Each structure stands twice: as C-alpha cells, then as structure tokens.
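A.B. asks: take this sequence and fold it.
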Amino acid sequence: MSATPGIAKPSFARLALRTTKLGISIAYFAVRSVWSWVTPVRSGTGVVLYYHAVPWEYAGRFEEQMRMVAAQTKAVPLAAVDHLPDGTHSVAITFDDALVSFAKHAVPVLERWNIPATVFAVVDTLGAAPVWGEHYYSPDERVMSEDELGALPGLISVGSHTLTHPHLLALSQQEADLEISESRRKLESLLQKPVRTFSFPHGEFNEAVVAQCRDSGYERVFSTDPKLLHNGESKFVVGRVAADPWDWTLEFRLKMLGAYCWQSYLRSMKRRVRRVFLRQNESGSSQHRDERPLNPSTHIPRNS
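C.D. replies: As a prediction, this is how the structure comes out:
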C-alpha cells in the first residue's frame, strides 16, 4: 500500500525504491518468460491484486488498468483461484477497508468491464473515517456506511477485515478471536449473505491467527505477501500483490502478470535469516546464563 499522491511528501528514497523494484521485476519477468518458453507449462497462473482507495482524480487511471486486465488476462472472482483456466493468466481484484472512494469511483468501472471484485470491510467503522489510514488517505475519505455496503451490486462480494482494523499480533487470543469471528457474524447479519473470506489488517498474521480464522468458518484468507498462483494449488492463505490507481503503466502491467512476486522469495529469505539469528541469540543467552556464577546473596538452595 502506498500513500495517495499529495498526502505524503515526495521522497527521493521512495522513488528510488519504487524504481529499483520495477527494474528487478522487469528482469524477473524476462527470466520467467524465457523459462516458460524453454519448458512450456499449460496449467493456468494468476495473481490476486489488492487496492485501497480510488480518489476521483485517479478514476480514469483505474479504468485504464481494468481495461488492461480485461484485454490481457482473464478476470476471475476469488472463489475461482483454485481452478484457474489452463493456458491463461487470471487476475482477481480485491479492495481492503471498504472506502467510499471504492464505491463511487471503482464499482462503476468494474461494472462497465464486467470484472468481479471482493471488498473487505471493517465492520465496526462503517460510516466513519479510516483512522488507521490517516497518513495514506485523503482527509475526506470515509468508510462506506451500512446502506452503501448493502447496496453493492452482485458483481461485488464482501469479506471481513476485522471489527476495528487492529494489529492482530498485538492482541490477546481472546481479543483476536473477537475481531475475527464477530466481524464475520456482524457482516452476515447486515448483508444477509454468507461471508467466507477474510484479509489480515496490515498484512500481519501467524499460525495462531490462521487457526482462529479456520475455526471461525472462513473458507480462505488473504495476506499481503505477493504470490503467483498456479492452477490446482488449494491454499487457505492466499498471497496478493499491491496495486494502486497511480501505478505507472508498465509497473501495473508487471504486477498484473505476476512479475512482482519475486518479493515473496525475498521476504521468505529474510524470515529464515531472522529465525536463524534469533535461535543463535537464544542459544548464546542460554549458554551465558548457564556459565554465569551464582550470586551467594540471591541464590536459594533447592532444599530450603
């Protein structure tokens, strides 16, 4: 997720990082294309894109992106990510936070191009300002109201994004369970429809949170870890690629085609290195404690 242009001050560091990612993605896509030509695979591939806001000044850019999706890929609903058509590249569209700008500027475009999408709603903030996005969204941005959410066309499905958009890993087990399970119950009561999907606020999750999502009855949950999907891969946790209406044309095309999925390998490597580093630190700390002489003034004999 990147800040809406004009909200954050221009930064050379951010531009350099964005350009670097673009260059790596071009190289990754070129290598992958050559490999696909050498070892052709007929099974279908796909990506799930996730958006947030679509300000009015970028509605035209968003329509250009959806025109590209319709012309160069097969647009599919989230329910189809396990069964991607062979010999094609598919794209599923999602939106986090259920913002008013999505309803006003994205939904009409999606209807014109007949592109299904899923919006993940923060149910206890409906009608309010998205306080978690104050440094990313326009000051006048709002979360959709109950009536606006209920009035979405059939082309748009609704999933849960918790009750209040918290950092789930900072909550107790009981608090996290409430955010995950109660948000589903409230949305189903409001919409009078099953709610089967969930996306993690801030992209944060662990095995315990995933287990809570399973126990709460979700059929699939979505992260912000960019992944290239392959036909027949049935996964409960599905990765997504970040997209914005202000993406450069080449940048968006590469995201749409899965060229930004190299980032998942980099993140995986970072996690492995971090785990090794933590294990080494824990081992060193334990050894240090074992070798440390006892302080006679504080040591209490076991038999006392």
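
A.B. asks: can you map out the helices along this structure?
C.D. replies: With DSSP state H, the ranges of helices along the chain come out as 12-38, 59-72, 100-101, 107-112, 146-150, 173-177, 183-191, 207-215, 249-256, 262-291.

A.B. asks: would TSV of these with mean neighbour count be doable?
C.D. replies: The way it works is simple: take the backbone N, C-alpha and C, and place the C-beta from them, glycine included. Formatted as TSV, these follow (neighbours: other C-beta atoms under 10 Å):
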stretch	mean neighbour count
helix 12-38	13
helix 59-72	17
helix 100-101	22
helix 107-112	17
helix 146-150	15
helix 173-177	14
helix 183-191	18
helix 207-215	16
helix 249-256	18
helix 262-291	11
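
A.B. asks: which of these sits closest to Thr224?
C.D. replies: The closest of the helices of the chain to Thr224 is helix 262-291. By C-beta to C-beta, the value is 10.0 Å.

A.B. asks: and the pLDDT for Tyr136?
C.D. replies: Tyr136 is assigned a predicted lDDT (pLDDT) of 86.

A.B. asks: correction: the previous question concerned Val276.
C.D. replies: Reading off the confidence values, Val276 has pLDDT 70.

A.B. asks: kindly report the same for Arg279.
C.D. replies: 68.

A.B. asks: check contacts around Asn231.
C.D. replies: Ser43, Gly44, Thr45, His83, Leu84, Pro85, Asp86 (C-beta atoms under 8 Å, 6 or more residues apart in numbering).

A.B. asks: any idea how far Val143 is from Ser223?
C.D. replies: The gap separating Ser223 from Val143 is 21 Å, by C-beta to C-beta, to the nearest Å.

A.B. asks: which of these two has more neighbours?
C.D. replies: The neighbour count for Ser223 versus Val143, taken as other C-beta atoms under 10 Å, is higher for Val143 (25 against 19).

A.B. asks: the more buried one reaches Pro130, doesn't it?
C.D. replies: Yes: under the criterion of C-beta atoms under 8 Å, Val143 makes contact with Pro130 at 5.5 Å.

A.B. asks: about what we covered before: now the helices of the chain in CSV, with distance to Val119?
C.D. replies: Formatted as CSV, these follow (distance: least, C-beta to C-beta, whole Å):
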stretch, distance to Val119
helix 12-38, 26
helix 59-72, 14
helix 100-101, 11
helix 107-112, 9
helix 146-150, 8
helix 173-177, 22
helix 183-191, 11
helix 207-215, 18
helix 249-256, 19
helix 262-291, 24
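
A.B. asks: no further queries at this time; thank you.
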